[in-house]
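Student: I'd like to go over a predicted model; first the sequence, then the structure.
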Amino acid sequence: MSETGNPKYTAPALEKGLDILELLSTSETGFSQSELARDLGRSVSEVFRMLVVLQDRGYIALDADTNRYVLTTLLFEIAHRTPLIRRLTTTAGPLMRDLAHAINQSVHLAVLTDDSVLIAGQVDPPARHVMSVRLGTRVDVWRASSGRVMMAYQPESFLAEMLQRAPLPEGTDEAQLRADLAAIRLRGHEIVDSFVIRGVVNISTPIIDHTGEAIAALTVPHIERFGDPVSFADCCLRTIDTAARLTHSLGGGVVGKALPEAFIRS
């Protein structure tokens, strides 16, 4: 073994299996065996052996009608077995349901994963028209309010690393982003028009652990309905209060300063 550098260890069979899982995660309709082989630059026989094992282990399934392979929910279930996700969803679930019913809006819980935001929890209200986000959805960290409020409560070293890895949206520079994050940290939340859907206003608040860092974010993608008895200001207050209760349950302290009078959008 060389003493001057770290050797790169490889596991070709494992890499093939992971390549298949990652490719399948990009499609709702799945891939045929030949399509997988083509897109991965592998032979059909190589892919076939991997597919047999992955199917036997329950990670993928073959749609008999289309002869296409799709991911099952097993990876999602495994992710939720991790202590952080399990503790968060267990604690947050009842509070999110109470909040969704109280404000008649959808509520979702997000965490950081790699260079993006993962929706780890979702609760819809009893209303007919809702704005929900599918569980397991991944969103660009800088184009999600939940990503921004979590990044506002990260160490400088982590923020600098994320800025290196995750490109900023077009028209946004680092100086402006850092100013936005500083403002979020001062307020303790972000209330801003959705970056992806017109007419939706995101009410997003960080969930802080005992270290003072954000480990998750609680977000309400607020939609305005005619005759809705719950005011926008009340939605903001209740969302901030629910996130504060979750933060308290994790040993975190008070963050920012709530602005109940105006709730000026970011």
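Tutor: Cool, the structure landed.

Student: Mind jotting down where the helices sit in the stretch 1-150 of the chain?
Tutor: Assigned by DSSP state H, counting those that start in this stretch, the stretch 1-150 of the chain shows helices spanning 12-24, 33-40, 44-56, 74-79, 83-103, 145-151.

Student: closest one to residue 165 among the ones you listed?
Tutor: helix 145-151 (12.1 Å; Cβ to Cβ). Heads up, the C-betas are built off the backbone N, CA and C, glycines and all.

Student: What is the distance between that closest one and the centre of its chain?
Tutor: 10 Å (Cα atoms, centre = their mean, to the nearest Å).

Student: Return it as PDB; C-alpha atoms alone will do.
Tutor: The C-alpha trace of helix 145-151 is given here as PDB (Å, rounded to 0.1, in the frame of the first residue of the first chain):
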ATOM      1  CA  SER A 145     -37.300  27.800   0.800                       C
ATOM      2  CA  SER A 146     -36.600  24.800   3.000                       C
ATOM      3  CA  GLY A 147     -33.100  24.500   1.600                       C
ATOM      4  CA  ARG A 148     -32.400  28.200   2.200                       C
ATOM      5  CA  VAL A 149     -33.600  28.300   5.800                       C
ATOM      6  CA  MET A 150     -31.600  25.100   6.600                       C
ATOM      7  CA  MET A 151     -28.500  26.600   5.000                       C
END
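
Student: C-terminal to the one helix or strand residue 176 maps to, what's the next element?
Tutor: Taking DSSP states H and E as the criterion, residue 176 maps to helix 174-187. Per DSSP H and E, the first helix or strand lying C-terminal to helix 174-187 is strand 190-193.

Student: quick revisit: among the helices of the stretch 1-150 of the chain, which gets the worst mean confidence?
Tutor: For the helices of the stretch 1-150 of the chain, mean pLDDT drops lowest on helix 74-79, to a mean of 72.

Student: and the helix holding residue 176, which residues are buried?
Tutor: 177, 180-181, 184-185, 187 (16 or more other Cβ atoms under 10 Å).

Student: same deal with stretch 10-18?
Tutor: So, applying 16+ other Cβ under 10 Å, buried residues of stretch 10-18: 16-17.

Student: can you check stretch 192-205 too?
Tutor: Result for stretch 192-205 [16+ other Cβ under 10 Å]: buried residues 192, 194-195, 201-205.

Student: now for those, which pair is the farthest apart?
Tutor: So, these by Cβ to Cβ: farthest apart are 195 and 205, at 16.7 Å.

Student: In this structure, where is pLDDT below threshold?
Tutor: For the chain, the stretches flagged by pLDDT under 70 are 1-8, 77, 79-85, 256-266.

Student: Domain map for it?
Tutor: The chain breaks down into these domains under automatic domain parsing: 12-72, 78-249.

Student: Ends of the last one, what's the gap?
Tutor: The separation between the terminal residues of domain 78-249, taken as Cα to Cα, to the nearest Å, is 24 Å.

Student: picking that back up, now for the helix holding residue 176, which elements pack on it?
Tutor: Applying 3 or more Cβ pairs under 8 Å, 6 or more residues apart in numbering; DSSP states H and E, we find helix 174-187 packed against helix 145-151, helix 156-165.

Student: So which of these has the densest surroundings on average?
Tutor: helix 145-151 (a mean of 27; mean count of other Cβ atoms under 10 Å).

Student: And that one, what does it pack against?
Tutor: Against helix 145-151 (3+ Cβ pairs under 8 Å, 6+ apart) you get strand 107-113, strand 116-123, strand 138-140, helix 174-187, strand 190-193, strand 201-208, strand 214-222.

Student: Parallel or antiparallel, which strands does the third one pair with?
Tutor: If I follow you right, that is strand 138-140. strand 116-123 (antiparallel) (DSSP bridges).

Student: Run a quick neighbour tally on residue 142.
Tutor: 21 (other Cβ atoms under 10 Å).

Student: what's the answer for residue 128, then?
Tutor: Here the number of neighbours of residue 128 (other Cβ under 10 Å) works out to 6.

Student: Can you list phi and psi of it for me?
Tutor: The phi/psi pair for residue 128 (degrees, to the nearest 10) reads phi -70, psi -40.

Student: residues in contact with it?
Tutor: Taking Cβ atoms under 8 Å, 6 or more residues apart in numbering, we find residue 128 in contact with no residue.
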